[in-house]
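In: below are the sequence and a predicted model; questions follow.
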Amino acid sequence: MVQKSPSRKTRIPKIKILFVASEVVPYAKTGGLADVAGALPKALAELECEVAIVMPKYQSISDSKYRLSPLISQMWVPMGMGDVDASVFQSFIGNDQVPVYFIQNNHYFDRDQLYGTSDGDYQDNAERFAFFSRSIFSLMKELNWYPDILHLNDWQTGLVAAYQKNFYRQDAHFSKMKTLFTIHNLAYQGLYPKYFLPMTGLGWEEFTADRIEYYDQISYLKAGLVYSDCLTTVSPTYADEIQTDEMGSGLQGVLRSRTKNLFGILNGIDQDEWDPAIDSSFPYTVKNLKNKQEAKRKLLAEQGLRYDPQTPIFGLISRLTNQKGLDLIFDILEPFLSMDIQLIILGTGDVRYHQMLEDFKNRFPEKIGLNLKFDNRLAQLIYAGSDIFLMPSRFEPCGLGQMIAMRYGTIPLVRKTGGLADTVKNFSPNAKESNGFVFENYSGPDLLSCTKKAVEAFHQPKLWKFLIQNAMKCDFSWKNSAKEYLKLYLNLQKS
Ligand code: ADP
């Protein structure tokens, strides 16, 4: 008998993905994770995936601004100490293609900040994110929506994988579900004293070195690494680096043991959100850069600094932490500022860096613009109005700043590590694809000589224009990376 070929009209069922993240643009953001969580699901929806996002409902998320509507008035989340109640709100992103579910519990999430204040992390973060991780199973049941893939992100969601394997394996709705865990930054591990274990609901048999114990503490990140079916990180170079003793943050052994299931996929940027042609008050394109100069003028006026088109502006937008190479900048600050340059900084973070930067601003008031805050509007103006974007990171899983800067024709100056190594091509006279300046060793003198090279190049207009064009032509859209994630999801689904 001849088999009928499937009708052309037969629809291949869409792969279903639930994206689980503790911060998502535009609702809440402390760093690059939020950018990824806001952009990748949209790119997946464009590839015909059925994708939803779940995140906590923080105090800062305005119901009216983001059109949140109540969806589930009460659901129960089983925790070690008993059932805890939650409610769920809903909104949409990506032309209403991607639902976003917000888990509300005022005790855990109705606070000023996401993770802690300047005094340190909230004391009950272990409980807050165990609750969030467990709540997603209650959510799926309530929605009667069972995705093929749970895409987890960073330590805040590490327990999801452990919960699925421990509590839901026998349930037909969950048993075939696959987990993919993305490491956005291995340095943040969600390490907690073991007395929190009963609260999570997991048993003591989980508290072993090959599961979630890390030197007598519970590691939420390790739970994600051990229990997820597949691991990714946000650039190919970082995927290699984290398996080394030098850069594995103590988890290199676990990562090496999972090397066959560990992939590096470069982050993209949301090219609609970051687009000099439309969202700047001075729109410009690679073909007409005139308005970039106007952005520079406006930036300097706002910062109370002198405008001179011949003086290059270095921009720095960063969390102010040990990771970002600030100590290198401090090491060289005097010789660096003795050049005819200006430095505009936007960042928040460690109190000691705030103090040091304020001190430098007092010493060099006419050279430094200092903004110790989180400010999306100003960030966009700095990306547009600067000439050189400074990112001398000690390590950098992917880094979005350098890609956003390139989109705005601002030339990145970076250290060769992680995603910076994968995206910035060092200038050399014969390198046709140069789009920035790269130094290799984590050393002040190497950073200084790199800044000198960049300043020299800035003063050669033809060369500078060539670099700007190369930078602006780079394609950092999510399209390619989303396809790579989709490939992984499909492989996981088959396995
Ligand atoms: P990380 O995730 O380590 O903080 P990334 O470079 O991957 O670093 O992403 C940082 C993101 O946060 C970028 O979008 C950057 O523009 C933004 N950002 C960092 N600090 C600030 C700030 N103070 N104000 C506004 N945006 C900021």
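Out: Arrived safely, thanks for sending. Computed from a predicted model, the values in this text were never measured in an experiment. Numbering: from 1, shown residues only.

In: and the stretch 351-495 of the chain, which of its residues are near the ligand?
Out: Residues of the stretch 351-495 of the chain found near the ligand, taking CB under 6 Å from any ligand atom as the criterion, are 374-376, 379, 398-401, 404. (C-beta placed from N, C-alpha, C; glycine too.)

In: quickly check these for the two that are furthest apart.
Out: Distance extremes for those: the farthest pair is Asp375 and Cys398 at 22.2 Å, using CB to CB.

In: coming back round to it: could you dump the residues of the stretch 351-495 of the chain next to the ligand into CSV and include pLDDT and neighbour count?
Out: CSV is the format used below for those (pLDDT from 0 to 100; neighbours: other CB atoms under 10 Å):
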residue, pLDDT, neighbour count
Phe374, 93, 16
Asp375, 95, 14
Asn376, 92, 12
Ala379, 97, 18
Cys398, 96, 28
Gly399, 95, 29
Leu400, 94, 25
Gly401, 96, 26
Ile404, 97, 25
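
In: what about those, which are in helices?
Out: Cross-referencing these against helices under DSSP state H gives 376, 379, 401, 404.

In: now these as a markdown table including distance to Gln460?
Out: Output for those, formatted as a markdown table (distance: CB to CB, whole Å):
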| residue | distance to Gln460 |
| --- | --- |
| Asn376 | 33 |
| Ala379 | 28 |
| Gly401 | 25 |
| Ile404 | 25 |
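
In: name the element Asn470 belongs to?
Out: helix 461-473 (DSSP states H and E).

In: residues in contact with that helix?
Out: 285-286, 289, 405-412, 425, 427, 433-436, 457-458 (CB atoms under 8 Å, 6 or more residues apart in numbering).

In: what is the neighbour count of Thr208?
Out: When neighbours are counted by other CB atoms under 10 Å, Thr208 registers 9.

In: phi, psi of the closest residue to the ligand within the stretch 1-150 of the chain?
Out: Residue nearest to the ligand within the stretch 1-150 of the chain: Gly32 (2.5 Å; CB to the nearest ligand atom). Main-chain dihedrals, Gly32, degrees, to the nearest 10: phi -60, psi -30.

In: equivalent analysis for Thr179, please.
Out: phi -110, psi 130.

In: what does the pLDDT read for it?
Out: Looking at Thr179, its pLDDT stands at 98.

In: and for the one 5 residues further on?
Out: The per-residue pLDDT reported for His184 equals 97.

In: now do the contacts for it.
Out: His184 makes contacts with 31-33, 36, 153-154, 233-234, 397-398, as judged by CB under 8 Å, 6+ apart.

In: what's the farthest-apart pair in those?
Out: Farthest-apart pair in these is Gly31 and Thr233; separation 15.0 Å (CB to CB).

In: show me the shaky parts of the protein.
Out: When residues are selected by pLDDT under 70, those of the chain lie in 1-12, 280.

In: for it, longest helix please?
Out: The chain, longest helix under DSSP H: helix 125-143.

In: what's the following helix or strand after that one?
Out: Counting by DSSP H and E, the next helix or strand C-terminal to helix 125-143 is strand 149-153.

In: buried ones in the helix or strand hosting Thr348?
Out: Per DSSP H and E, Thr348 falls inside strand 342-349. Neighbour-count burial for strand 342-349, with 16 or more other CB atoms under 10 Å as criterion, is recorded at 342-349.

In: is there proximity between stretch 40-60 and the ligand?
Out: No. If you take CB under 6 Å from any ligand atom as the test, stretch 40-60 misses the ligand, and the best it gets is 13.3 Å.

In: could you dump that stretch to PDB, C-alpha only?
Out: The C-alpha trace of stretch 40-60 is given here as PDB (Å, rounded to 0.1, in the frame of the first residue of the first chain):
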ATOM      1  CA  LEU A  40      15.600  36.500  22.900                       C
ATOM      2  CA  PRO A  41      12.000  35.400  23.500                       C
ATOM      3  CA  LYS A  42      10.900  38.000  20.900                       C
ATOM      4  CA  ALA A  43      13.400  36.700  18.400                       C
ATOM      5  CA  LEU A  44      12.200  33.100  19.100                       C
ATOM      6  CA  ALA A  45       8.600  34.100  18.500                       C
ATOM      7  CA  GLU A  46       9.700  35.400  15.100                       C
ATOM      8  CA  LEU A  47      11.000  32.000  14.400                       C
ATOM      9  CA  GLU A  48       7.600  30.500  15.000                       C
ATOM     10  CA  CYS A  49       8.200  29.300  18.500                       C
ATOM     11  CA  GLU A  50       5.400  29.500  21.100                       C
ATOM     12  CA  VAL A  51       7.300  31.300  23.900                       C
ATOM     13  CA  ALA A  52       6.300  32.800  27.200                       C
ATOM     14  CA  ILE A  53       8.300  34.500  30.000                       C
ATOM     15  CA  VAL A  54       7.900  34.200  33.800                       C
ATOM     16  CA  MET A  55       9.500  36.600  36.300                       C
ATOM     17  CA  PRO A  56       8.800  38.000  39.800                       C
ATOM     18  CA  LYS A  57       6.500  41.000  40.200                       C
ATOM     19  CA  TYR A  58       8.700  43.500  41.900                       C
ATOM     20  CA  GLN A  59       7.500  46.700  43.500                       C
ATOM     21  CA  SER A  60       9.100  48.800  40.700                       C
END
